[in-house]
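A.B. asks: No letters, just coordinates:
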């Protein structure tokens, strides 16, 4: 349970955000209806190597109303959870909006998550329906249906693009109904939970992060101030829809009318082609995405219209920033997390040293403090834990027992990151308190990796840490102590992880065998020492 004084402070914050007009009685349902009227003809492009379709905000809304009516017919009501595991494709946009139109809680799942993650998320969220593809690239999702269908409470599994009729789920076409049968749910309130996102965090099990209509719409209201939203601006989206960045990018055209081109799988050559063909002016991603674009053949020609690149989730090297600047692209950093999507950001018109050397100033309505272990504010330029507040902040975890450790006694969100503030109030993240690995922008729980490591019969003790990587920023590294007489190589360890059911990007890509793990006097493993000794 959350501490009473913390819960009280959060209620006071909510009242303040109402008073300052960051919050209102408006819901996502209202936002979709309004946008469909105002931005009906704004184009939304969904592109892959195999297919490309152009929709409009109005057409997406009409299709979403049809699917919403079908979901209501199947028994989905306000407050129920509906999980969606799709790539950046039209059906994802339709499904996201349709779920929210019913007043249900949308549970996005990253499309590359394996059976273990999907089972946990569907079970913990108590999702009544799951919408997923039949196949994406080499992954056959329909092969999961027999096992998933055994989960308690999961009434329907809806399959998009099913090739065989006996897959065991419902076809996408079967959940559509006459959109005139859609009934707007009367009891939905702006402070109700509308999205449940799962983040790995620092514990073995993913954490369910609850956002309300108000917190989600507060984030949507902040986005136009970061990236151009003029009539000639076009945004390329490469973040997976299951991530918080991908979710907000997917909702943005349907709420703000932002012209967008969605890429279903990252390929820098194809992304550059889309930038050139659709005169894309801005995009966002990790340093991995930025470097990939800059390395494309004839990048100067293909990226000629690209003016802004918003980057986060990992430190941007000086070389990448300088290369982007030389190409006429204003790259700038931001800082956020699933619990608080955009805390701070630099701006495209800031000097290069500020854009690339800091994570910018707090967004409007947000506040940042840097505190020591006793919770006392640190002086300018001195590192401490970053604690934050803001209207786009989540309203609590699905498991309320996690809330007490997530907030300070006076209601500030603990980020688990170390940083410092300069004299102008700009934040710079300097390190992480959390034991996580950020691979290509995705946060991976070290505890989750360690559970699988400990299950290998050759392993006596093990930890997972981040190892630097020129392509992905960081990759998973396993440091293990073997049992007497046992042997283990990286190939065998990777086979063990493949059998575990975890997503492939969580598989160790480095292996170090040691005689013992360094520990503190209290017995805690010194992960910083391990990283310094083996991966610097």
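C.D. replies: Nice, thanks for sending it over. Every value quoted in this text rests on a predicted model; they were computed, and no experiment measured them. Numbering: from 1, shown residues only.

A.B. asks: Residue 79: what secondary structure?
C.D. replies: Here residue 79 is coil, with the state taken from DSSP: H, G, I helix; E, B strand; the rest coil.

A.B. asks: quick one: residue 241 from residue 91, how far?
C.D. replies: 10 Å (Cβ to Cβ, to the nearest Å). From N, CA and C alone the C-beta is placed, and that goes for glycine too.

A.B. asks: more crowded one of those two?
C.D. replies: Neighbour count, other Cβ atoms under 10 Å: between residue 241 and residue 91, residue 241 has more, with 28 against 20.

A.B. asks: confidence score at that one?
C.D. replies: On the pLDDT scale, residue 241 is placed at 94.

A.B. asks: got the contact list for it?
C.D. replies: The contact partners of residue 241, by Cβ atoms under 8 Å, 6 or more residues apart in numbering, come to 84, 86-88, 92, 96, 108, 111, 247, 249-250.

A.B. asks: Mind doing that once more with 6 Å?
C.D. replies: 88, 92, 250 (Cβ atoms under 6 Å, 6 or more residues apart in numbering).

A.B. asks: does residue 266 really touch residue 238, like I thought?
C.D. replies: Yes - look at residue 266 against residue 238 with Cβ atoms under 6 Å: they come within range, at 5.3 Å.

A.B. asks: List the residues that contact residue 336.
C.D. replies: Residues counted as contacts of residue 336 (Cβ under 6 Å, 6+ apart) are 342-343.

A.B. asks: Please report phi then psi for it.
C.D. replies: The phi/psi pair for residue 336 (degrees, to the nearest 10) reads phi -170, psi -180.

A.B. asks: Show me where the stretch 301-450 of the chain dips below the pLDDT cut-off.
C.D. replies: 313-317, 434 (pLDDT under 70).

A.B. asks: can you give me the helices in it?
C.D. replies: Secondary structure of the stretch 301-450 of the chain (DSSP state H, counting those that start in this stretch): helices at 318-326, 352-357, 403-406, 446-454.

A.B. asks: so can I have CSV of the ones you listed showing distance to residue 35?
C.D. replies: Shown next, in CSV, are the helices of the stretch 301-450 of the chain (distance: least, Cβ to Cβ, whole Å):
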stretch, distance to residue 35
helix 318-326, 32
helix 352-357, 31
helix 403-406, 32
helix 446-454, 37
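
A.B. asks: How far does stretch 320-333 stretch from one end to the other?
C.D. replies: Distance between the boundary residues of stretch 320-333 (Cα to Cα, to the nearest Å) amounts to 12 Å.

A.B. asks: With neighbour numbers in mind, choose between residue 266 and residue 238.
C.D. replies: Neighbour count, other Cβ under 10 Å: between residue 266 and residue 238, residue 238 has more, with 27 against 17.

A.B. asks: do you know how far that one is from residue 268?
C.D. replies: From residue 238 to residue 268 the distance is 9 Å (Cβ to Cβ).

A.B. asks: Likewise for residue 298?
C.D. replies: Applying Cβ to Cβ to residue 298 and residue 268 gives a distance of 12 Å.

A.B. asks: If you count surrounding residues, which of those two has more?
C.D. replies: Each of residue 298 and residue 268 has its neighbours counted (other Cβ under 10 Å); residue 268 has more, 19 against 10.

A.B. asks: ok, for the one residue sitting closest to the centre of the chain, nearest residue in space, not its chain neighbours?
C.D. replies: The centre of the chain sits closest to residue 243, judged by Cα atoms, centre = their mean, with a distance of 2.4 Å. Once flanking residues are discounted, residue 243 sits nearest to residue 110: 6.2 Å by Cβ to Cβ, 6 or more residues apart in numbering.

A.B. asks: I'd assumed residue 242 was in contact with the one you found.
C.D. replies: Yes - the criterion here is Cβ under 6 Å, and residue 110 meets it with residue 242 at 3.4 Å.

A.B. asks: In terms of neighbours, single out the busier of those two.
C.D. replies: A side-by-side neighbour count of residue 110 and residue 242, using other Cβ under 10 Å, places residue 242 first with 26 against 20.

A.B. asks: quick one: the more buried one is in a strand?
C.D. replies: No - assessed by three-state DSSP, residue 242 does not belong to a strand; its assignment is coil.

A.B. asks: Please shift the residue numbers so they start at 53 in all later answers.
C.D. replies: Right, with 53 as the first residue, what we last looked at is residue 294.

A.B. asks: measure it to residue 539 for me?
C.D. replies: 38 Å.

A.B. asks: what's the answer for residue 154, then?
C.D. replies: Residue 154 is 55 Å from residue 539, by Cβ to Cβ.

A.B. asks: These two: which has the busier surroundings?
C.D. replies: Neighbour comparison, residue 154 and residue 539: the larger count goes to residue 154, with 27 against 9 (by other Cβ under 10 Å).

A.B. asks: Confirm for me that that one is in contact with residue 125.
C.D. replies: No - the pair residue 154 / residue 125 is not scored as a contact, 10.4 Å apart, by Cβ under 6 Å.

A.B. asks: How many neighbouring residues does residue 581 have?
C.D. replies: 13.

A.B. asks: Which of the helices or strands spans it?
C.D. replies: For residue 581, the host element (DSSP states H and E) is helix 579-586.

A.B. asks: What is that helix packed up against?
C.D. replies: If contacts are counted by 3 or more Cβ pairs under 6 Å, 6 or more residues apart in numbering; DSSP states H and E, helix 579-586 sits against strand 511-521.

A.B. asks: Show me which residues of the strand it packs on are buried.
C.D. replies: The neighbour-count criterion (16 or more other Cβ atoms under 10 Å) identifies 511, 513-519, 521 as the buried residues of strand 511-521.

A.B. asks: Just give me the closest of these to residue 394.
C.D. replies: Closest approach to residue 394 among the buried residues of strand 511-521 (Cβ to Cβ): residue 518, at 23.5 Å.

A.B. asks: so who does the closest one touch?
C.D. replies: Residue 518 makes contacts with 489, 526, as judged by Cβ under 6 Å, 6+ apart.

A.B. asks: Kindly provide the distance from it to residue 483.
C.D. replies: Taken as Cβ to Cβ, the span from residue 518 to residue 483 is 11 Å.

A.B. asks: follow-up on the earlier one: show me the two of the buried residues of strand 511-521 that sit farthest apart.
C.D. replies: Based on Cβ to Cβ, the longest span within the buried residues of strand 511-521 runs between 513 and 521 and measures 24.3 Å.
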